[in-house]
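[1] Sequence plus the predicted model coming up.
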Amino acid sequence: MGYLSRSLTDSGQPDLSYKPNISRNITSRLLTISAGFFAIISVLPLFLVLSYIIIKGGSKLSLQLFLETPPPPGLEGGGIGSALMGTLILTVIAALVAIPVGVGGGIYLAEYSRGKRFSQFVRFGTNVLSGVPSIISGVFIYGTVVVLSNWLFQRSFSAIAGGLALSILMIPTIIKTTDEGLKLVPEDLRRGAFGVGASRFITVMRITLPSAFPSIATGIVLGIARAAGETAPLIFTASFSYFWPARSFGDFWSEGLLSPISSLSVLIYNFAGMPYDLQQELAWVASFVLVIMILILNLVARWLARLTTR
Amino acid sequence: MSPKSDKLYELRRRRPSERFLDVGFKNLFTILAAVVALLLFAVLYVVFMGGLDSMGRYGWGFLVTSSWNPVDDEYGAGAAIYGTLITSLLSLTIAVPLGVGTAIFITENIIPLKIRNLIGLMVELLAAIPSVVLGLWAIFVMEPFIRPLLEILHQRLGFLPIFSTAPMGPGTLPAVLILVVMILPIITAISRDALHQVPTSLRQAAYGVGTTRWGTILNIILPAAISGIVGGIMLALGRAMGETMAVTMIIGNSNNFSFSLLAPGNTISSMLANQFGEADGSQVSSLMYAAFVLIILTLVVNILAQLMVKRLRLKY
């Protein structure tokens, strides 16, 4: 009973005091310190990236930049106005496609399917689709929409193709959050609605969807935030343009949607590789604007998520 | 209810329009759900058909040769496939200890809850930064900063094949480092959720029999949370394989095969990002073939992730 004799005090009572010098306590402390060190390393990139974006991008920010189109390589002046507008247009197109499909699919999974094989299949498909690399959605849209519009209208890259490529990335997020949000709605509410004679559709529209709204909205906002920052699917679907999406509002519907469109993210990618200071500066400014937009969207999503827990 | 009626309530038949609406929307939702599931197969089908031409022409040899010559119509994705695997696996080996360590640090009560939540929030915000912005940062800030370190690595350990070339800016190792930054938040967030779900009673029981903090973590908490953590790691692996922009901007996009991590390399996704826009003819087909390989790789990883989460799940 050697180990017992060590843990007895002088008076013969068991010694339960903490002994900092035992090897296991030393190991434990060392591991704690290294975990803390890892945590510091993990948050370091955020600070470094944000501070450089603010220093290099935020300092160059001016209102003028939002009113001009990006300068072609080697030229002076210009701004990121058309790229910001392009990002907004692409994101709106993506949202217009992804929200109905995602929310509708989510409603089916949570409200209509009863653990059938088909719904398992849809859930599996959604999970796998969310793991498909974003560039693949660009390849897919290139192989379908771009090739088709080339054949039909002799146009290749377009805002529509870019928006559709982004929507493929948004759909899995939205369908999952809708499904999960609707499942959290207490079954009593549904039974209550059925009890007073509501049809299933009315129950979904008036009772379950409104009560799951915050979590669905969170998913939508997160999906939009992700789509706004995506580049890979846009390079060969929406491509890039040095001009405004359209000369006038009317032009946009006829021409702008079928023409290549610029976006902040593709601007950053294209200009980062150029050997001109001005273009590189604009890439930093575009990063600043993009990151601010996305961080705000993320904070909105957090705020919405907090509504759910209440 | 009219006051004349002596019944408490009246039953009413649904109007046909109501029933039509009900059934119509049910069908609509079913179709939308089917669209989502079919989307996956449509993606697989389109990319497979696009690559079919090259699959027939180059066969399996495409996967191991690494010539990429649009002039002579000779294509092989060996270097890109190797690059995809080596960058994702290396970044995983660095990111797993960092991510799981951070997750442990912010789920244990070592420091006040407020600071822990702040760290968690910051890691999540890191995930929100677009990869193209990280790529920009990697080109202009990270790479110049680490280049002297890489030079030392080359001078001291140059006899190893992995450090055998002099660093010249873009390369595989900087790409690995930026991938670490990208997948760290995924591993941390999912590990954190998994650790949170371990019942408190397990921890209390471990402390009750006199275990130290790390005795508890290593023997009780981690084994109980392992299914979630492994799932997170596999998801991160899938993400690392498919990650495009940051890698494309910093890896150098050279299709010459090299064991050296300091030399420029290539991944499937960076090859696609670089060449797809200007490609035509058999180059498009070859890129589609490479894209199909990438889909299969990520599919296998993602499906394995889902299976492993099920298999490793402990029952308490």
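    Thanks, I have the structure now.
[2] Would you point out which residue is most central in the chain?
    No chain specified, so I'll use chain A. With distances taken as Cα atoms, centre = their mean, chain A has A:R226 as the residue nearest its mean C-alpha position (1.9 Å).
[3] Wait, chain B was what I had in mind.
    Chain B, centroid-nearest residue using Cα atoms, centre = their mean: B:R239 at 1.2 Å.
[4] And the strands in chain B?
    B:68-69, B:74-75 (DSSP state E).
[5] what's the closest non-adjacent residue to the residue in the stretch 201-310 of chain A that chain B sits nearest to?
    Chain B sits closest to A:G229 of the stretch 201-310 of chain A, with a gap of 2.9 Å, by Cβ to the nearest Cβ. Yep, even glycine has a C-beta here, placed from its N, CA and C like the rest. Spatially, and ignoring its direct neighbours in sequence, A:G229 is nearest to B:P130 (2.9 Å; Cβ to Cβ, 6 or more residues apart in numbering or on different chains).
[6] Could you check the pLDDT of that neighbour?
    What the model reports as pLDDT for B:P130 is 92.
[7] Verify the contact between it and A:A227 for me.
    No - at 10.2 Å, B:P130 does not count as touching A:A227 under the criterion of Cβ atoms under 8 Å.
[8] the more surrounded of the two?
    Taking neighbours as other Cβ atoms under 10 Å in any protein chain shown, B:P130 and A:A227 compare with A:A227 leading, 27 against 24.
[9] Could you confirm whether stretch B:82-97 reaches chain A?
    Yes - using Cβ under 8 Å from any Cβ of the partner chain, stretch B:82-97 comes into contact with chain A via B:P97.
[10] and that stretch, what's its mean pLDDT?
    Mean predicted confidence for stretch B:82-97 is 94.
[11] Can you give the distance of it from its chain's centre?
    Offset of stretch B:82-97 from its chain centre (Cα atoms, centre = their mean, to the nearest Å): 11 Å.
[12] I figured the residue nearest to the centre of chain B was touching B:L184, is that so?
    No - counting by Cβ under 8 Å, B:R239 does not reach B:L184; the two are 10.8 Å apart.
[13] weakest of the strands of chain B by average pLDDT?
    Averaging pLDDT over each of these puts strand B:68-69 lowest, since it has a mean of 78.
[14] Show me what that strand is packed up against.
    strand B:74-75 (3 or more Cβ pairs under 8 Å, 6 or more residues apart in numbering or on different chains; DSSP states H and E).
[15] can you redo the strands of chain B as CSV with mean neighbour count?
    Output for the strands of chain B, formatted as CSV (neighbours: other Cβ atoms under 10 Å in any protein chain shown):
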stretch, mean neighbour count
strand B:68-69, 16
strand B:74-75, 18
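[16] Nearest to A:P70 among those would be which one?
    Proximity to A:P70 (Cβ to Cβ) singles out strand B:68-69 among those, at 30.5 Å.
[17] Give me the mean pLDDT for the helix or strand encompassing A:I175.
    Element membership of A:I175, judged by DSSP states H and E, is helix A:159-183. The average pLDDT for helix A:159-183 rounds to 92.
[18] Run through who's touching stretch A:215-223.
    A:95, A:98-99, A:102-103, A:106, A:169-171, A:173-174, A:176-178, A:180-182, A:184, A:209, A:297-298, A:300-301, A:304-305, A:308 (Cβ atoms under 8 Å, 6 or more residues apart in numbering or on different chains).
[19] of the residues you listed, list those near chain B.
    Counting by Cβ under 8 Å from any Cβ, the members of these near chain B are A:G102, A:I171, A:N298.
[20] Now do the helices in the chain.
    Here I'm looking at chain A. A:2-6, A:23-52, A:81-107, A:117-131, A:134-141, A:147-153, A:159-183, A:187-195, A:200-202, A:209-229, A:232-235, A:249-254, A:264-272, A:277-309 (DSSP state H).
[21] meant chain B actually
    Under DSSP H, chain B gives helices at B:16-58, B:78-107, B:113-128, B:131-137, B:143-157, B:172-196, B:200-208, B:213-216, B:222-242, B:245-251, B:268-275, B:282-312.
[22] Next, see if the last one gets close to chain A.
    Yes - when contact is scored as Cβ under 8 Å from any Cβ, part of helix B:282-312 falls within range of chain A: B:L287, B:M288, B:A291, B:L294, B:I295, B:T298, B:L299, B:V301, B:N302, B:I303, B:A305, B:Q306.
[23] with those residues in mind, which one is nearest to A:F124?
    Among those, and counting by Cβ to Cβ, the member closest to A:F124 is B:Q306, at 7.9 Å.
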